[in-house]
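**Q** Provided below are the primary sequence and the corresponding predicted coordinates.
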Amino acid sequence: MSHLLDNSDSLQVQAYWQSMEDPQKFWMQQALNLIDWETRPTKALTTMTPETLHKAEWFPDGRLNVCYNAIDRHVLDGRGSQVAVVYDSPVTGTIRKITYNELLQEVKCFATVLKKYGVGKGDIVLLYMAMVPQTLVVMLACARLGAIHSVVFGGFAPAELAKRISDCQPKVVVSNTCGLESKTKVVAYKPLLDEAFEIAGYRPRVTIILQREQLRIQLDLLKNEHCWDLEMAEAAPLSGSVGCETVDSNHPLYMLYTSGTTGTPKGIVRPCGPHAVALLYAQRYMYGLQPGETIFTFSDFGWTFGNSYTAYGPLLNGSTTVLFEGKPVGTPDAGQLYRVFSEHRVSVFLCAPTVVVILRRTDPDGLFRAKYDLTHMKGLFLAGERCTPEIHRWWISTITGRKISPDNTTVYCGTDLVNVISDHWWQTESGSPMTGICIGYSSRGTDVVPIKFGSAGLILPGCDLCVIRVKEELDEGDCIDENPEYAESDEVGNIVVRLPLPPGFITTLWKDEKRFFTSYFRKYKGFYDTGDTGTIDSEGYVHILSRTDDVIKVAAHRLSTSSIEEVIFNHKAIGECCVVSCPDPIKGRVPVVFAALRGNGHLEDDVRRELIKLARSKVGPIVSLYPNNVVFVDRLPKTRSGKILRKMIRMMIDAVHDAKTENLPVFADRCPVGAPATIEDMAVKLETWQTIVKLYSV
């Protein structure tokens, strides 16, 4: 972090320097103050050698149970009648509030069910479920027994689900009969699950199915398929005696698979103690969430966001968490999020920037927002993808009513700690934020550091983050940089974290230590390679630009796709967009813009010319954006968590180019490029493929 902030009065900056000067003391204080331990740790970090820095373990001699910390201790402290979970489902017309007392009883009950079928410490339970309270109950029941849960997005294609089943071979699988895309669109899960078992060649000891009212099915007892309601009813009289299994601090809490378009998914293993400490620290100091307050994280449990800040973080904090089953628009309108904010008195909201993009495209004037009083909200945080300044300004204007000039590069929070809106950055591997603007250190808005548009905030305490210079001779493939050099301020490079990693980070990949090392630690000795590019400016603000494989080399010049996207978003006609690259015979690769227009009445040729002019003026002539490479589409392919599938689009372009180069046929109805299992709508994949085939067929 810049020395310009050395003497800052900001408590966030002071905490950062404390964590750098003595990380063991800093994190030991957090661990002992925030978490209840069965055996309190006496040291913060294992003794390490340079070769084992990537395997450092936090609080190694501590023992605890995460479920106890998330539920039991709050009940014992007399807060059992407080609402722990709000289930809000506009697709079923249901709002259900569950107290900590009620949640504890349900978790104990399902833990009894799991014990009945032999589930214990270290066993895997796989969840293939919708965004319903029972999913959270299963997760907590596993934590209570010391079992390891792995949540898979409900509705995944059987082939992708089979990969995960085959890899972890769960003792028990828990699912529900269906997921709901809308009030009328029901997705049956059981046929997908059965097909996945066949593909995997593996069937668990038992499968437990939650029968939903929207789809009830016949279960096959000969295949050990059991009904959730019947199992819970049978277990209820026996559940009182189910205690919490104490585990070592670094015992796995859960395993979460990352998804890609190629290869075997990586099973991210998360440790119990360090993760609990990191989550609770971020809840209190990053997000400013206090016990009894409500947080709404717009995320499925199948994403790390959902695991961290819909499930464990709020409950560890003694807060109320909102489980939302629906979409930001269309269930039934673009006002659902604002309704939830108001109706449930949400203090903190977390979502991906794509959610905001969708809201702006659907309700650009914020007419739905105007119906609700949101002055009770403290913080609205964005993560998952870089938030462009244009989208950030719109979100602030819509939520607060403050008009932000396009010329503004910085915004201050004001006197009151109300509606603080900022971007921050974290990864599945980190499990909690690495950069951001902390509002929990402050009681007044004037104590919060300024928010910079286009930045993901300052480096957070405990994270020794820096930018490594990209060396031209090492810029291809899997080259190892034996002597990494730090980049200058504002110099674009590869973002890394100096080892040892902070608490709560990934500790290994499930059954794949070799891949764990080569994926994250091989390229830069002594550092974790985040796989992202960016800068740290002269004031210490971090700017995340893109994934390293989204950097385009145009005639030997490195351009970040996000810098071009930022310019494109400034055009008033653009609703959403993404930039990828395509092969060019002269310049190597050049950018391609895929954009969806806001509303009707725009002449595509006019918008195309204006976008090219904008890109040349803001990025420079080297941008090499040609008319044929500005493509207008109705919608972009996304994951279910809202990320645009840039890599998949780029791979499609390369597939068509390679086929043309080798004079091979290309079929519009057959796409050879795989899609990540998290894709929201396979129909959009085919639409995108057909657009690309048509684009490059002339």
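**A** Nice, thanks for sending it over.
**Q** for the stretch 301-450 of the chain, what spans make up the strands?
**A** Assigned by DSSP state E, counting those that start in this stretch, the stretch 301-450 of the chain shows strands spanning 320-324, 346-351, 379-382, 410-411, 420-423, 435-436.
**Q** care to break the chain down by domain?
**A** Here the domain parsing of the chain from automatic domain parsing is 3-9+464-546, 86-272, 558-695.
**Q** so who does the spatially most central residue of the chain touch?
**A** Centroid-nearest residue in the chain, with C-alpha atoms, centre = their mean: residue 305, separated by 4.2 Å. By C-beta atoms under 8 Å, 6 or more residues apart in numbering, residue 305 lies in contact with 297, 299, 350, 352, 383, 384, 641. All C-beta atoms are positioned from the backbone trio N, CA, C, and that covers glycine.
**Q** let's have those residues in JSON lines, adding pLDDT and neighbour count.
**A** Converted to JSON lines, the contacts of residue 305 look like this (pLDDT from 0 to 100; neighbours: other C-beta atoms under 10 Å):
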{"residue": "297", "pLDDT": "97", "neighbour count": "26"}
{"residue": "299", "pLDDT": "91", "neighbour count": "26"}
{"residue": "350", "pLDDT": "97", "neighbour count": "25"}
{"residue": "352", "pLDDT": "90", "neighbour count": "23"}
{"residue": "383", "pLDDT": "92", "neighbour count": "24"}
{"residue": "384", "pLDDT": "85", "neighbour count": "24"}
{"residue": "641", "pLDDT": "71", "neighbour count": "22"}
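**Q** same list, those residues, but as a markdown table with distance to residue 368 please.
**A** Formatted as a markdown table, these follow (distance: C-beta to C-beta, whole Å):
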| residue | distance to residue 368 |
| --- | --- |
| 297 | 20 |
| 299 | 21 |
| 350 | 20 |
| 352 | 19 |
| 383 | 23 |
| 384 | 22 |
| 641 | 22 |
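**Q** which one of those residues sits closest to residue 611?
**A** Nearest to residue 611 among the contacts of residue 305 is residue 352, at 24.1 Å by C-beta to C-beta.
**Q** give me the distance between that closest one and residue 126.
**A** 25 Å (C-beta to C-beta, to the nearest Å).
**Q** just to revisit the earlier point, so which of the strands of the stretch 301-450 of the chain gets nearest residue 148?
**A** Nearest to residue 148, of the strands of the stretch 301-450 of the chain and by C-beta to C-beta, is strand 320-324 at 21.5 Å.
**Q** for residue 69, give its distance to residue 80.
**A** In terms of C-beta to C-beta, residue 69 sits 15 Å off from residue 80.
**Q** neighbour-wise, which of those two wins?
**A** For residue 69 and residue 80, the more surrounded residue by other C-beta atoms under 10 Å is residue 69, and the numbers stand at 25 against 18.
**Q** touching, the more buried one and residue 277? I think so.
**A** No: Residue 69 is not in contact with residue 277 according to C-beta atoms under 8 Å; the separation is 10.1 Å.
**Q** tell me, what's touching those two both at once?
**A** residue 35.
**Q** pLDDT weak spots in the stretch 51-200 of the chain?
**A** Within the stretch 51-200 of the chain, no stretch has pLDDT under 70.
**Q** for the stretch 51-200 of the chain, what spans make up the helices?
**A** 66-67, 73-74, 100-116, 133-145, 158-168, 190-200 (DSSP state H, counting those that start in this stretch).
**Q** contacts for the second one?
**A** The reference is to helix 73-74. Counting by C-beta under 8 Å, 6+ apart, 36, 80, 82, 84, 100, 291, 315, 318 sit against helix 73-74.
**Q** show me which of those residues are buried.
**A** 80, 82, 84, 100, 291, 315, 318 (16 or more other C-beta atoms under 10 Å).
**Q** those residues into a markdown table, with extra columns for distance to residue 630?
**A** Formatted as a markdown table, these follow (distance: C-beta to C-beta, whole Å):
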| residue | distance to residue 630 |
| --- | --- |
| 80 | 58 |
| 82 | 53 |
| 84 | 49 |
| 100 | 54 |
| 291 | 51 |
| 315 | 47 |
| 318 | 51 |
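**Q** and which of those is nearest to residue 464?
**A** Once C-beta to C-beta is applied, the member of the buried ones among the contacts of helix 73-74 that ends up nearest residue 464 is residue 315, at 29.3 Å.
**Q** got the contact list for that closest one?
**A** So residue 315 contacts 70, 71, 74, 84, 140, 321 (C-beta under 8 Å, 6+ apart).
**Q** cool, residue 104 as well?
**A** Counting by C-beta under 8 Å, 6+ apart, residue 104 has contacts 71, 72, 75, 80.
**Q** could you do residue 628 as well?
**A** residue 695.
**Q** gap between it and residue 607?
**A** Residue 628 is 15 Å from residue 607, by C-beta to C-beta.
**Q** which residues of the protein score low on pLDDT?
**A** 1-8, 259-263, 472-478, 549, 555-558, 698.
**Q** quick one: contacts for residue 123?
**A** With C-beta under 8 Å, 6+ apart, residue 123 has these contacts: 147, 148, 170, 171, 172.
**Q** closest one to residue 567 out of the residues you listed, please.
**A** Closest to residue 567, out of all of those and judged by C-beta to C-beta, is residue 148, at 45.0 Å.
**Q** from what I can see that closest one touches residue 256, true?
**A** No: here residue 148 does not reach residue 256: they are 10.4 Å apart, not a contact under C-beta under 8 Å.
**Q** ramachandran angles for the most far-flung residue of the chain relative to its centre?
**A** Relative to the mean C-alpha coordinate of the chain, counting by C-alpha atoms, centre = their mean, the farthest residue is residue 663 (40.7 Å). Backbone torsions of residue 663, given as degrees, to the nearest 10, read phi 60, psi 40.
**Q** ok, it to residue 220 distance?
**A** On the measure of C-beta to C-beta, residue 663 and residue 220 end up 52 Å apart.
**Q** same question for residue 402.
**A** Counting by C-beta to C-beta - residue 402 and residue 220 are separated by 59 Å.
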